[in-house]
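**Q** below is the sequence, then the predicted model.
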Amino acid sequence: MLHSSRKKSLSTALIAVFAAAALVTAGCGGAKQASQSDVIKLGANLEMTGGSATFGQSATNGARLAIKEVNAKGGVVGKQLTLIVADNKSEAAESANAMQKLVSQDKVVAVIAPIASSSVIAAAQVNQGSKVLAISPTASNPKVTVDPNTGKVREYIFRAAFIDPFQGSVMANFAQKSLKAKTAALYIDKSSDYAMGLGQFFKETFVKNGGTIVAEEAYLQKDTDFKSTLTKIKAQNPDVVFAPGYYQEVGMLIKQARELGLTVPFMGGDGWDSAKLPEIAGAQALNNTFFSNHYSPDDNSPAVKNFVENYKKEYNQTPDAFAALSYDATMMVIKAIERAGSADSVKIKDELAKTKDYAAVSGLISLNQTHDAVKSAVIVEFKDGKQTFREKVNP
């Protein structure tokens, strides 16, 4: 047991230690706040793992490249940019959690939103409620930016992509004009807002142009056996099959279709754009397949050539559309910050909405009154497992 005098001395010493520690902590906090005042934080709510992981990884690379280039030139409004990435695990429910972390905990001023339409919609209430804009590089379902329950534009949600009515009509017109198709079968991922919307708009245009839909079949995400349904489709003898899902399932169903002797052209949307697709389907199985996309690395425009060169130098791989559109989306946000002259989230949102004729990698982008990008599309054809530029379609 200690004497009272020693107790008093020890207590005094401990108080001094704690006081000093408090000063150090406060000093560290002050220094941290000072350094953070020179940084603008952007968030990325992306599919880093799960069934759409290649999409999110490419999109993250594109966003980081844009930020690196801008920071190298001095940043924006006198500040450097930093990117905070949250993994939504390719799941809509996780997307809301990731968005909550970015806007509430990380205090970002803007978010590169998920790739998948379903995930953007699932997180919409979070960023809308926090008044922090989210811009998706590629989510193309109309419900992403317009709430179907109210018919009103979601004020804080934007996209750098064209929407499914345009993409669906592009592929229907291509099927009928370039492939001379008179009949088509639809094979749709019923768990995806994106795939269902694209299928609907393809069907509307195809039928309007005089074509006939001879089969409409469905599967769910993570399905692996498609043979019984493909056998039913084959029996209807369609001229083309439109399968606008994501690469994981599409790769397996095309592989199985070819094994069953279903050799007609398969077509899809931008969800096909992954280096994993040839690995899953097999290079030969992908011959005579086509998909709509936002850009092609084979496009000979100066903007595309420069981007491809810089991306290859940074990541030692050819950039896909998710990388290109994420780069574009990030640059659109940065330009809005520049015009706002501020890192205020509401001001950035207001300036982003005014985007007109922005010379992006994926072409000229103007945002319309529903925050959708008005821009061109490209048709990509697979030849021996390699993507080749087929044609460009203007809006």
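**A** That came through, no problem.
**Q** for the protein, what helix or strand is lowest in average pLDDT?
**A** Least confident helix or strand, the chain: helix 4-36 with a mean of 38, by mean pLDDT, DSSP states H and E.
**Q** what's the following helix or strand after that one?
**A** strand 39-46 (DSSP states H and E).
**Q** need the next SSE after that next one, C-terminal direction.
**A** helix 53-72.
**Q** what angle sits between whichever helix or strand comes after that following helix and helix 53-72?
**A** The helix or strand immediately downstream of helix 53-72 is strand 80-87, counting by DSSP H and E. If you take axes from the mean of the first three to the mean of the last three CA atoms, to 10 degrees, strand 80-87 sits at 170 degrees to helix 53-72.
**Q** output the contacting helices and strands for strand 80-87.
**A** Contacting strand 80-87 under the criterion 3 or more CB pairs under 8 Å, 6 or more residues apart in numbering; DSSP states H and E are the following elements: strand 39-46, helix 53-72, helix 92-100. Any C-beta I mention is one placed from the backbone N, CA and C, and that applies to glycine too.
**Q** can you rerun that using 7 Å?
**A** Under the contact definition 3 or more CB pairs under 7 Å, 6 or more residues apart in numbering; DSSP states H and E, strand 80-87 sits against strand 39-46, helix 53-72.
**Q** from these, which stretch is densest packed?
**A** Highest mean neighbour count among these (mean count of other CB atoms under 10 Å): strand 39-46, with a mean of 25.
**Q** mean confidence score for it?
**A** Across strand 39-46, the average pLDDT comes to 98.
**Q** now do it: which elements does it pack against?
**A** helix 53-72, strand 80-87, helix 92-100, strand 110-112.
**Q** let's see that with 6 Å instead.
**A** Other helices and strands packing on strand 39-46, by 3 or more CB pairs under 6 Å, 6 or more residues apart in numbering; DSSP states H and E, are helix 53-72, strand 80-87, strand 110-112.
**Q** so which of those is nearest Ser376?
**A** helix 53-72 (18.7 Å; CB to CB).
**Q** if we can go back for a sec, Ala175: which of the helices and strands packed on strand 39-46 is closest?
**A** helix 53-72 (24.9 Å).
**Q** tilt between that closest one and strand 39-46?
**A** Helix 53-72 runs at 170 degrees relative to strand 39-46, counting by the same axes, to 10 degrees.
**Q** contacting residues around helix 53-72?
**A** Identification of contacts with helix 53-72 by CB atoms under 6 Å, 6 or more residues apart in numbering yields 44, 46-48, 80-81, 83, 85, 112, 115, 137, 274, 276, 314-315, 320, 322-323, 326-327, 330-331, 334.
**Q** out of the helices and strands packed on strand 39-46, the one nearest Gln387 is which?
**A** Closest to Gln387 of the helices and strands packed on strand 39-46 is helix 53-72 (CB to CB; 13.6 Å).
**Q** just the buried members of the contacts of helix 53-72?
**A** 44, 46-48, 81, 83, 85, 112, 115, 137, 274, 315, 320, 322-323, 326-327, 330-331, 334 (16 or more other CB atoms under 10 Å).
**Q** and the nearest residue to Thr229 once chain neighbours are set aside, which helix or strand is it part of?
**A** If the residues on either side of it in the chain are set aside, Thr229 comes closest to Glu217, at 4.8 Å by CB to CB, 6 or more residues apart in numbering. Taking DSSP H and E as the definition, one finds Glu217 inside strand 212-219.
**Q** switch the helices and strands packed on strand 80-87 over to CSV; also include distance to Glu94.
**A** Shown next, in CSV, are the helices and strands packed on strand 80-87 (distance: least, CB to CB, whole Å):
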stretch, distance to Glu94
strand 39-46, 9
helix 53-72, 12
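**Q** for Ser301, find the nearest of these.
**A** It's helix 53-72; of these, that one is closest to Ser301 (CB to CB) at 17.0 Å.
**Q** next, Lys356: secondary structure please.
**A** coil (DSSP: H, G, I helix; E, B strand; the rest coil).
**Q** and for it, nearest residue in space, chain neighbours not counted?
**A** Of all residues not flanking Lys356 in the chain, Ser366 sits nearest, at 4.7 Å (CB to CB, 6+ apart).
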